[in-house]
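Enquirer: Structure for this input, please:
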Amino acid sequence: MKEDVKIDGKTAEGFVIPIGKVNLVFVKTDKGLIGCGAFDVNGLEKFAYPAAKVKPSGNSVADINDLLSGTIAAVNPSGEKIGIKVGMSGRDAAKLIV
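Expert: A predicted model of the protein is given here:
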């Protein structure tokens, strides 16, 4: 399912895609991607695309709210260049890609 995600008055595309018993959850723009733990952010570095993955505050990242309230667990070098840091919130990281 695709949904518009409003962050600081700007809009990103959010996706929640069921895969078996879990969801693949991410927010993306032309500037980058913040996703659940299933994403290989270092693989996206091959394309110089800023990306970070989130560790959930609960058991898993089930939806966009979980993604934004989680903590950045990994970020690729392109993501670091735009200011994304391990330990920041998913929402703060998303602000850097909108």
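
Enquirer: Only C-alpha atoms from now on, for both contacts and neighbour counts.
Expert: Noted.

Enquirer: Report the secondary structure state of Asn65.
Expert: Following DSSP: H, G, I helix; E, B strand; the rest coil, Asn65 is assigned to helix.

Enquirer: how much space is there between it and Lys53?
Expert: 14 Å (CA to CA, to the nearest Å).

Enquirer: Look at these two and report which has more neighbours.
Expert: Between Asn65 and Lys53, Lys53 has the larger neighbour count (other CA atoms under 10 Å), namely 26 against 13.

Enquirer: who's in contact with the residue nearest to that one when sequence neighbours are not counted?
Expert: Excluding the flanking residues, the one nearest Lys53 by CA to CA, 6 or more residues apart in numbering is Gly35, at 4.8 Å. Contacts for Gly35 (CA atoms under 8 Å, 6 or more residues apart in numbering) come out as 24-27, 51-54, 67.

Enquirer: One more pass at 10 Å, please.
Expert: Residues near Gly35 by CA atoms under 10 Å, 6 or more residues apart in numbering: 14-15, 24-28, 41, 51-55, 61, 64, 67-68, 72, 90, 94.

Enquirer: which ones among those are found in strands?
Expert: Mapping the contacts of Gly35 onto strands (DSSP state E) picks out 14-15, 24-28, 51-55, 72.

Enquirer: Between those, which sits nearest Val98?
Expert: Nearest to Val98 among these: Lys28, at 8.4 Å, using CA to CA.

Enquirer: Just grab the bridge partners of the closest one for me.
Expert: Glu13, Leu33 (DSSP bridges).

Enquirer: That one is in contact with Val16, isn't it?
Expert: No - applying CA atoms under 10 Å, one finds Lys28 not in contact with Val16, separated by 11.7 Å.

Enquirer: Which helix or strand contains Ala48?
Expert: For Ala48, there is no host helix or strand (DSSP states H and E).

Enquirer: before we move on, the earlier item: which of the ones in strands among the contacts of Gly35 has the largest number of neighbours?
Expert: Ala52 (33 neighbours).

Enquirer: count of residues packed around the nearest residue in space to it that is not next to it in sequence?
Expert: The shortest distance from Ala52 to any non-neighbouring residue, by CA to CA, 6+ apart, is to Val75 (4.2 Å). If you count neighbours by other CA under 10 Å, Val75 ends up with 24.
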